[in-house]
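**Q** Compute the structure for the input listed below.
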Amino acid sequence: MKQNRLATIFGASKVFLPVIHVSSRINPQEQVDLAFRTGAHGVWLICHEHGDNTRQLLETYRKVRGNTLRWIGLNFLGESDPVSIIQEELVQEDYPGGLWIDRGIEEKGPSFNDTELRRFYQRYQSLCPKGILFRGVAFKGQQTTFPSGVPAAVQAAKTGMDVITTSGPGTGHAPDVAKIAEIHNVANGTPVAIASGMTPENVDLFLPHIDAVLVSTGVSKPNTDEFDPEKLTAFARAIGLEP
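**A** Model (predicted):
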């Protein structure tokens, strides 16, 4: 069985990772500080498109990284080669603690793209040996159903990522508990994370089947990218943390 890097890095059975959407509408440092004060194990910084938004993400990450040694991961949404971006734009001591890629396992014709995923994973680990890779399986906006079935997709995916990352049908929508239970059972020790629809009120339904929660909408003020301190605190307590 592959080493559980999630447990090794965070030393926790349930890992709480709020997601910060980098934009001009928020103060990222304030959001990072708030997340850590209310019990988060780490934070994700994410941009929505490539080009200027990627540059803004990198600039924000450099500033925030300079103010904390806590765990920060990056999602270069829209970029096809985030490993090259990390290598070219950041110095080694500032490489992010993790990389999250929505696109993951796919089944085209008679086969899965598991060989491609393994090659990427090896490349990422070569560059960032202390990093952890979260990657999509039955993820919103990607392939969510498979001719061979979800269990076959999970089996194919496991060797190409550290954390199987799945979601509901869209932002703010929780997945079916049965889907998560199925993924968890087939994963057989490979960590599973949910990245949509989790709230302080519903996360307890999923806790037996997951290892990490990536959450934004469920801990934010309505119609904004700003965290709600009360929701963050409530979420941390809902998964057994004490801020």
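**Q** Now do the helices in this protein.
**A** Taking DSSP state H, the helices of the chain run over residues 5-10, 28-37, 52-65, 82-89, 114-127, 150-157, 177-187, 203-206, 229-238.
**Q** Quick one: closest of those helices to residue 76.
**A** helix 82-89 (4.2 Å; CB to CB). In short, each C-beta sits where N, CA and C put it, glycine included.
**Q** quick one: that closest one to helix 114-127, angle?
**A** Angle between the axes of helix 82-89 and helix 114-127 is 20 degrees (criterion: axes from the mean of the first three to the mean of the last three CA atoms, to 10 degrees).
**Q** Which strands or helices does helix 82-89 pack on?
**A** Using 3 or more CB pairs under 8 Å, 6 or more residues apart in numbering; DSSP states H and E as the contact criterion, the secondary-structure elements in contact with helix 82-89 are helix 52-65, strand 71-76, strand 98-101, helix 114-127.
**Q** how much does it deviate in direction from strand 71-76?
**A** Using the same axes, to 10 degrees, helix 82-89 lies at 110 degrees relative to strand 71-76.
**Q** What is the distance between helix 82-89 and the centre of its chain?
**A** Taking CA atoms, centre = their mean, to the nearest Å, one finds the center of helix 82-89 at 18 Å from the center of the full chain.
**Q** okay, the helices of the chain in a markdown table with mean neighbour count and distance to residue 196 next?
**A** Supplementary listing: these in a markdown table, determined by neighbours: other CB atoms under 10 Å; distance: least, CB to CB, whole Å:
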| stretch | mean neighbour count | distance to residue 196 |
| --- | --- | --- |
| helix 5-10 | 17 | 19 |
| helix 28-37 | 19 | 18 |
| helix 52-65 | 17 | 20 |
| helix 82-89 | 16 | 20 |
| helix 114-127 | 15 | 21 |
| helix 150-157 | 20 | 17 |
| helix 177-187 | 17 | 11 |
| helix 203-206 | 16 | 11 |
| helix 229-238 | 19 | 14 |
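**Q** Quick check: which of those helices is nearest to residue 97?
**A** Judged by CB to CB, the one of the helices of the chain that comes nearest to residue 97 is helix 5-10, at 7.3 Å.
**Q** what does the closest one rub up against?
**A** Contacts of helix 5-10 from elsewhere in the structure, counted by CB atoms under 8 Å, 6 or more residues apart in numbering, are 13, 15, 41, 42, 71, 97, 132, 162, 163, 191, 211, 212.
**Q** Residue 199 and residue 238: what is the separation?
**A** The span separating residue 199 from residue 238 equals 9 Å under the rule CB to CB, to the nearest Å.
**Q** Equivalent analysis for residue 80, please.
**A** Counting by CB to CB, the gap between residue 80 and residue 238 amounts to 36 Å.
**Q** cool, and residue 157?
**A** Separation of residue 157 from residue 238 (CB to CB) stands at 28 Å.
**Q** Equivalent analysis for residue 40, please.
**A** As for residue 40, its distance to residue 238 is 13 Å (criterion: CB to CB).
**Q** Ok, residue 179 next?
**A** Distance of residue 179 to residue 238, computed by CB to CB: 20 Å.
**Q** Please name the residues that touch residue 60.
**A** Residue 60 makes contact with 22, 28, 45 under the criterion CB under 8 Å, 6+ apart.
**Q** can you rerun that using 6 Å?
**A** Residues touching residue 60, when contacts are defined by CB atoms under 6 Å, 6 or more residues apart in numbering, comprise 22, 28.
**Q** next one: residue 72
**A** Counting by CB under 6 Å, 6+ apart, residue 72 has contacts 43, 96, 97.
**Q** Which of those residues has the largest number of neighbours?
**A** When neighbours are counted by other CB atoms under 10 Å, residue 43 leads the contacts of residue 72 with 27 neighbours.
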